[in-house]
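Asker: just a sequence and a predicted model for now, questions to come.
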Amino acid sequence: MENIKKKLIYMDNAATTAVDSRVLEAMLPFFTENYGNASSIYSLGRISKKYIEEARKIVANKLNSLPEEIFFTSGGTESDNWAIKSIAFDKLKSGKNHIITSKIEHHAVLNTMKFLEKHGFKVTYLDVDENGFINLDNLHKKITDKTALVSIMYANNEIGTIQDIPEIGKICHENNVIFHTDAVQAVGHINIDVKKENIDLLSLSAHKFNGPKGVGALYVNKNLKINSFLEGGSQEFNKRAGTENTAGIVGLAKALELSLENLGENNQKLISKQKYFIENLLKIERSRLNGDYEKRLPGNINICFEGIEGESLLLLLDQAGICASSGSACTSGSLDPSHVLLAIGLPHEIAHGSLRLTLSKFNTYEEIDYALQEINKAVTRLRNMSPLWEKIIKEELK
Amino acid sequence: MNYSEKVMDHFVNPRNVGEILDADGIGEVGNPKCGDIMKIYLKIDKNIITDVKFKTFGCGAAVATSSMATELIKNKSIEEALKITNRAVLEALDGLPPVKVHCSVLAEQAIKAAIWDYYTRKNINPEIIMGKFDNTSCSCEDNNNSCSCESNLI
C-alpha cells in the first residue's frame, strides 16, 4: 500500500487556489526572458514597466477605478496593514484616534488593530448577528467625531457572509469617515465596483482567484492621501518601494481577467453545486450551516457537526484524499475555536466541530457525492467513539 | 499539523475503542469547551487490568494518546498503570507537536481517574494510594489562549 497516489479532491479554495495554466503561461516570460527591472531605462526594463502598467489598467478597470488608484503589494496581509496603519497614523495628526472594525475580520486586520491599540488608538469591534452580519444602525451609532476609519471585510473567509458593503460605505461617507474593506475573499468571485459601492480602500490577493501567491493589490481612492508603507525606491508612485514582482503582477491581472470572464454563468453553476452540497450535508443529524444561506460566497460551505471535533474530521477526510479546513481550535494552533464561529454565537463545543469546504468551478458533482459519502462515514465513526455524542444522545432521550 | 507516523497510526486505527458495560472503573477527563473529552473503562481482575476500552471526543492527538494509553496499561497491574506518565505516552507515540502535549496529560489523567473510580467502588480511599488527584479541572473557562490542562496530581 505504499505511495499509492490518490486523486486529490481539493475543497479548500478559500485557503488558496491552483494557478490557472493560462496565468502561468502569461507569467513565465518574466522569469527568464523579460527579466528586466521596471525602473531601468533600456528596453528590457521598459518591457517590464509596460506590462506592469498594462496589468494596473486591467485591475483598475475590473474594479471600476483608475490605474493611479491601484498599488501592487505582496498580498492581502500587506494591503490590510498598509491601508489601516497608514490612514490611522495620518488621521491621528488631526486628533482622530478611533477606528471601527468587526469581530469577524481576518487576523491580518484584527492583529493590525491590536497593534494600533498598543499605539494608543481606540478600536471598536462590532458584534455580528447569528449569520455574521454587522448591524448598520450599530455602526452608525459607534461613529464619533474621533472616528478616522471603518474597516469591514467584504466577505468572510470562514462562513462566507457577504456584508452590505455599499450601505456601510454610504454610512461612512455621510459621516466623513474613510472606509476600507478587506476583499481578499471576494475579488475574483463576485463583481465589485469600488465607486458604486462607496469603497475608499480595498485589499485583494491574487492567490485567492487562481493567481500566484505573494502578490496582491491595494486600491486607494485618488482623493485620499496615503503614506508610503515601505521606504526605498520610487516604485508604485513613490508609495511602495521595492523592485516590482513583474511576473506576479502580470499573473494577478491575468487571473483577475480570467476569473471575471463568464462570472455570472460560472457562479450560477457553482451556487447550484454549493446548495446541493449544503442540503445533503444538513441531512446529517445535529448539523448546522454557519453563515447566511443566500448572502454568502459562491462555493463556501461551513457546517458544524455536534459531538465531534474538527481536526479529527479533517484527518479522516485527508485519508480519503479530501482537502478541507476547520475552525476548530486544534487546527488553528491556539486552543480556542474560530473567533468567527464564537462571534456568531456558537458555543465552544459546537464551534470545535466545524468543517469548511470551499468549492471552485472545477469541483464536480461526482466529487461532491464522494465527499458527502466520506463526510458521512467520518462523522459516524467519530461520533461512535465520542463520549460527548453519547451525552448528547442521552440528553435527547430524556 | 505534523504528526508522527505512530500518532497517525493510532488515530486511523485506534486500539481498544468502545465501552465495557460491566467496567470495574470508569474515568472521564477533559471538557467539551476545550475540545477534548477522554473516557476510559477498566476491567480489573486480581489487581490486573484485563481489559480496557476508551471513547474520546477530540483531535487526532487526543484519539492517538487515548489509544496508546490503553495499550500501555493493558494486562498491567494497577501499580504499573499508575506509573504511566504523560511522557511515557508521548514517547511511545514518537512525540507530539508542542500544542498537543496537553493531550498526553489528559491520557495520563484518564487512566488515573478510572483507577480512582475503581478504588472508590471498592470502598478503598484512593487518596491513600494515589495521593490527591483532581480530575475535574481541565478548564478553558478563563483562558488567555492557554488551556490549563496541566497535570492535576498535586
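Answerer: All right, it came through fine.
Asker: so how far is A:Lys118 from the residue at minimal distance from the centre of chain B?
Answerer: With distances taken as CA atoms, centre = their mean, the residue of chain B nearest its centroid is B:Ala107 (2.4 Å). Remark: distance between B:Ala107 and A:Lys118 (CB to CB, to the nearest Å) = 39 Å. C-beta coordinates here come from the backbone N, C-alpha and C atoms, glycine included.
Asker: likewise for A:Lys196?
Answerer: 36 Å.
Asker: same question for A:Ile249.
Answerer: 33 Å.
Asker: among the two, which residue is more densely surrounded?
Answerer: Each of A:Ile249 and A:Lys118 has its neighbours counted (other CB atoms under 10 Å in any protein chain shown); A:Ile249 has more, 30 against 8.
Asker: other residues contacting the strand or helix carrying the more buried one?
Answerer: Assigned by DSSP states H and E, A:Ile249 belongs to helix A:246-260. Identification of contacts with helix A:246-260 by CB atoms under 8 Å, 6 or more residues apart in numbering or on different chains yields A:19-20, A:22-24, A:26-28, A:30-31, A:34-35, A:38, A:48, A:51-52, A:54-56, A:58-59, A:62, A:72, A:187-189, A:191, A:206, A:209-212, A:214-217.
Asker: just the buried residues of the next helix or strand after that helix, please?
Answerer: Going down the chain from helix A:246-260, the next helix or strand is helix A:263-281, by DSSP H and E. Neighbour-count burial for helix A:263-281 flags A:263, A:266-267, A:270-271, A:273-274, A:277-278, A:280-281 (criterion: 16 or more other CB atoms under 10 Å in any protein chain shown).
Asker: and those near chain B, which?
Answerer: When CB under 8 Å from any CB of the partner chain is applied, no member of the buried residues of helix A:263-281 is adjacent to chain B.
Asker: nearest to B:Arg87 among those?
Answerer: B:Arg87 lies nearest to A:Leu281 out of those, by CB to CB, at 40.5 Å.
Asker: what is the neighbour count of the closest residue to that closest one other than its chain neighbours?
Answerer: Take A:Leu281 and drop its neighbours on the chain: the residue closest to it by CB to CB, 6 or more residues apart in numbering or on different chains is A:Ile303, 5.2 Å away. Neighbour count for A:Ile303, taken as other CB under 10 Å: 21.
Asker: dump the residue contacts of A:Ile303.
Answerer: A:278, A:281-282, A:287-290, A:354-355, A:357.
Asker: now do the contacts for A:Leu202.
Answerer: If you count contacts by CB under 8 Å, 6+ apart, A:Leu202 has them with A:63, A:154, A:180-181, A:183, A:187, A:192, A:194, A:218-219.
Asker: regarding it, what is its secondary structure?
Answerer: When classified by DSSP: H, G, I helix; E, B strand; the rest coil, A:Leu202 comes out as strand.
Asker: and it, how close does it get to A:Leu314?
Answerer: The spacing between A:Leu202 and A:Leu314, counted by CB to CB, is 32 Å.
Asker: so where do the helices sit in the stretch 201-350 of chain A?
Answerer: Along the stretch 201-350 of chain A, counting by DSSP state H, counting those that start in this stretch, helices occupy A:235-238, A:246-260, A:263-281, A:310-319, A:329-332, A:339-343, A:348-351.
Asker: give me the pLDDT for the residue nearest to A:Asn191 when sequence neighbours are not counted.
Answerer: Nearest non-adjacent residue to A:Asn191, counting by CB to CB, 6+ apart: A:Leu263, 6.4 Å away. The model reports A:Leu263 with a pLDDT of 97.
Asker: which helices and strands sit right next to the one helix or strand in chain B whose mean pLDDT sits lowest?
Answerer: Here the helix or strand of chain B ranked lowest by mean pLDDT, DSSP states H and E is helix B:126-130, holding a mean of 89. Here helix B:126-130 touches helix B:101-121, going by 3 or more CB pairs under 8 Å, 6 or more residues apart in numbering or on different chains; DSSP states H and E.
Asker: how about the helix it packs on: buried residues?
Answerer: Under the neighbour-count criterion of 16+ other CB under 10 Å, helix B:101-121 has B:101-119 buried.
Asker: and that helix, what other elements does it pack with?
Answerer: Judged by 3+ CB pairs under 8 Å, 6+ apart, helix B:101-121 is in contact with strand B:25-31, strand B:36-45, helix B:60-73, helix B:78-82, helix B:86-92, helix B:126-130.
Asker: cutoff 6 Å now
Answerer: Packing contacts for helix B:101-121, counted by 3 or more CB pairs under 6 Å, 6 or more residues apart in numbering or on different chains; DSSP states H and E, involve strand B:25-31, strand B:36-45, helix B:60-73, helix B:86-92.
Asker: quick one, phi psi at the nearest residue to A:Gly95 once chain neighbours are set aside?
Answerer: The shortest distance from A:Gly95 to any non-neighbouring residue, by CB to CB, 6+ apart, is to A:Lys146 (7.0 Å). As for A:Lys146, its main-chain torsions (degrees, to the nearest 10) stand at phi -100, psi -10.
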